[in-house]
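Participant: would you be able to build a 3D model of this:
(2 chains)
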Amino acid sequence: EPEVTQTPSHQVTQMGQEVILRCVPISNHLYFYWYRQILGQKVEFLVSFYNNEISEKSEIFDDQFSVERPDGSNFTLKIRSTKLEDSAMYFCASTATSGGRDQYFGPGTRLLVL
Amino acid sequence: QKEVEQDPGPLSVPEGAIVSLNCTYSNSAFQYFMWYRQYSRKGPELLMYTYSSGNKEDGRFTAQVDKSSKYISLFIRDSQPSDSATYLCAMSAGHNDMRFGAGTRLTVKP
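Facilitator: Residues are numbered from 1 along each chain as shown, chains lettered A, B, ... in the order given. This next block holds a predicted model:
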């Protein structure tokens, strides 16, 4: 069964450093998403991406964040200058359908900012 | 008022019990309603989604949506220890984002 994959599974970085989180969505999907989940808190929407541009973003997704689909398979989230409060689990999701429904999630990248 | 409210539990039931999980919401624009299951330190796994009001059944799982009350439910029949997980409700207004509840942690005891 096709699945969303994410790398790395864990990332430790120093405050102020740039990190790139990578995702390979399911191959026939067209809509891509990033979410984060701070330990013990709810899953929070960051951004959705379709047709090579951002379609929706939350108030969390500020200028420190960017997304890119550099080739036909990868979807990346870049955090330019990490802060302590960026420590969280980051999930990528994808779907073949518009409207934000039936999204399939990857296993996540656990980011720890020291 | 939070956009999506979900009792975090924890909820503990004996094997074979019927489990009822619920969420309320405030945004009347929500039209897609999803239930996800999340095991510890894993990504959410889609269980079911429902469009607008009504019921949907899939095996031991039944999802109900009452838009007039802004209330959704997930019922699990004949619960099994393997159902032990955190259950997340999620909702979308159809604009390519999704809002999650806090999740209810369920334990099914053998």
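Participant: so the residue in chain B positioned nearest to chain A bridges to which residues?
Facilitator: Nearest to chain A, among the residues of chain B, is B:Ser92, at 3.3 Å (CB to the nearest CB). For the C-beta atoms, the positions are set from N, CA and C on the backbone; glycine is no exception. Taking DSSP bridges as the rule, B:Ser92 bridges to B:Tyr32.
Participant: which residues touch it?
Facilitator: A:99-101, B:30-32, B:34, B:98-99 (CB atoms under 8 Å, 6 or more residues apart in numbering or on different chains).
Participant: so B:Gly16 touches B:Ser79, yeah?
Facilitator: Yes: at 6.6 Å, B:Gly16 counts as touching B:Ser79 under the criterion of CB atoms under 8 Å.
Participant: who does the spatially closest residue to B:Asp7 that is not a sequence neighbour form a beta bridge with?
Facilitator: In space, and not counting its chain neighbours, B:Asp7 is closest to B:Thr104: 5.8 Å by CB to CB, 6 or more residues apart in numbering or on different chains. Judged by DSSP bridges, the bridge partners of B:Thr104 are B:Tyr87.
Participant: thought B:Thr104 was touching B:Gln6?
Facilitator: Yes: the criterion here is CB under 8 Å, and B:Thr104 meets it with B:Gln6 at 5.9 Å.
Participant: what do those two both touch?
Facilitator: B:Leu21.
Participant: spell out which residues of chain A are next to chain B.
Facilitator: Residues of chain A lying near chain B by CB under 8 Å from any CB of the partner chain: A:4, A:31, A:33, A:35, A:41-45, A:48, A:50, A:55-56, A:58, A:89, A:91, A:98-108, A:110.
Participant: buried only: go through those for me.
Facilitator: A:4, A:31, A:33, A:35, A:42-45, A:48, A:50, A:55-56, A:58, A:89, A:91, A:99-101, A:103-108, A:110 (16 or more other CB atoms under 10 Å in any protein chain shown).
Participant: confidence score at the residue nearest to B:Ile76 when sequence neighbours are not counted?
Facilitator: Closest residue in space to B:Ile76, ignoring its immediate chain neighbours: B:Val19 at 4.1 Å, by CB to CB, 6+ apart. With respect to pLDDT, B:Val19 has a value of 96.
Participant: just B:Asn96 next, same as before
Facilitator: In this model, B:Asn96 carries a pLDDT of 69.
Participant: repeat for the one 5 residues further on
Facilitator: We have a pLDDT of 94 for B:Gly101.
Participant: quick check, it in contact with B:Glu3.
Facilitator: No: using CB under 8 Å, B:Gly101 is not in contact with B:Glu3, being 9.3 Å away.
Participant: when those two are compared, which one has more neighbours?
Facilitator: B:Gly101 (27 against 12; other CB atoms under 10 Å in any protein chain shown).
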